[in-house]
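J.: I would like to see how this sequence folds:
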Amino acid sequence: MTATGLSLYDRAATDSASVVIRRYSTSFAWASRLLPAGVRTHISRIYALVRVADELVDGPAADAGVGREDRRRLVDDLEAETAQAIDLGFSTNLVVHAFALTAREHRIGADLYGPFFAAMRTDTEEVALDAEGLRSYVHGSAEVVGLMCLAVFEGGRPRSDEERGILRDGAARLGAAFQNVNFLRDYAADRGELGRRYVLGTEQGLTEEAKAAALARIRDDLRAADAAIPLLDPSCRPAVWAARTLFGELAMRLERTPAALVARQRVRVPDPVKAGILVRALARRAR
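T.: You can find the predicted model right below:
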């Protein structure tokens, strides 16, 4: 039966979110394919809103000549539009509408999307964050996204308080690990092109000591995530394991790369290595 009316609009919005994840992140796109179809749809909706907001503050808007104050206003507008869409169940912005569908179904509220947009506002400024500012930024830009995904993975299933605590801590800290790996990987662009400093102890540049301290925090966060992954629904574990393994691989490559080189160029995981991780994840799913 051909979809019509709101059903057709929902489908178009969901399709638009799928386009965003395919265009912007091949790694997350192939990892998400390991998820059950329904879960994958929700994760693509979350990713799409997060990516659009990130692009608003980081690149295309500035390339289009949009000034800093206008970008900040656009972040405010996007947050207000998101809140309204969740309240009404409709938005003229297809990506926002898609996110609202997931937020309404899985009870993702302002306690999660509010800190995210606050972090995006931070990105409209050239700023060197201190330890407390960085903690707040990582929570808003990454930890809450992990918690949004967890809300989808859990789907309201009953949990003990202990299990719920382990899962929430693992989801938040996996998001933090992803973000802190990105900070090291993108150090050159963040510092040189955007005027931002997200790695502590780099006032005079990226040193081996600062890199080692950042990687130690990443390893701690990945250990917390590793404790949570076995508690996830079996259908979701391979995809989360794949994403965690990919970023763990990137962290190891950053560890082996001299700080002076990390400060000048982007370290990446070669495609054959990514493919190998995918094959192993597929084997886990088959089991």
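
J.: and the helices in the stretch 1-150 of the chain?
T.: With DSSP state H, counting those that start in this stretch as the criterion, the stretch 1-150 of the chain has helices at 5-24, 26-32, 37-58, 60-63, 68-88, 94-106, 110-122, 131-138, 144-154.

J.: going by mean pLDDT, which of those comes out lowest?
T.: Ranked by mean pLDDT, these end with helix 26-32 at the bottom, a mean of 77.

J.: hmm, who's touching that helix?
T.: Contact partners of helix 26-32, identified using CB atoms under 8 Å, 6 or more residues apart in numbering, comprise 21-22, 40, 43-44, 47, 239, 242-243, 246, 274, 278, 281. No exception for glycine: its C-beta is placed from N, CA and C like everyone else's.

J.: same question, stretch 58-76
T.: With contacts defined as CB under 8 Å, 6+ apart, stretch 58-76 is touched by 53, 55-57, 117, 120-121, 123-125, 194.

J.: now do 10 Å
T.: 52-53, 55-57, 117-126, 186, 189-190, 193-194, 196 (CB atoms under 10 Å, 6 or more residues apart in numbering).

J.: just the buried subset of these, please.
T.: Buried members of the contacts of stretch 58-76, counted by 16 or more other CB atoms under 10 Å: 52-53, 56-57, 117-120, 122-124, 186, 190, 194, 196.

J.: out of the residues you listed, which comes closest to residue 255?
T.: Residue 255 has its nearest neighbour among the buried ones among the contacts of stretch 58-76 in residue 186, at 16.3 Å by CB to CB.

J.: list the contacts of that closest one.
T.: Contacts of residue 186 (CB under 10 Å, 6+ apart): 58, 193-194, 196, 198-199, 262, 266-267.

J.: now, which of these sits nearest residue 141?
T.: Comparing these against residue 141 with CB to CB picks out residue 198 as the nearest, at 9.6 Å.

J.: wait, isn't the closest one in contact with residue 137?
T.: Yes: if you go by CB atoms under 10 Å, residue 198 and residue 137 touch, sitting 7.6 Å apart.

J.: okay, the contacts of helix 26-32 in JSON lines with neighbour count and distance to residue 105 next?
T.: As requested, these are exported to JSON lines (neighbours: other CB atoms under 10 Å; distance: CB to CB, whole Å):
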{"residue": "21", "neighbour count": "21", "distance to residue 105": "19"}
{"residue": "22", "neighbour count": "14", "distance to residue 105": "23"}
{"residue": "40", "neighbour count": "20", "distance to residue 105": "14"}
{"residue": "43", "neighbour count": "22", "distance to residue 105": "13"}
{"residue": "44", "neighbour count": "24", "distance to residue 105": "14"}
{"residue": "47", "neighbour count": "24", "distance to residue 105": "16"}
{"residue": "239", "neighbour count": "26", "distance to residue 105": "19"}
{"residue": "242", "neighbour count": "26", "distance to residue 105": "25"}
{"residue": "243", "neighbour count": "22", "distance to residue 105": "22"}
{"residue": "246", "neighbour count": "22", "distance to residue 105": "28"}
{"residue": "274", "neighbour count": "20", "distance to residue 105": "31"}
{"residue": "278", "neighbour count": "19", "distance to residue 105": "28"}
{"residue": "281", "neighbour count": "23", "distance to residue 105": "26"}
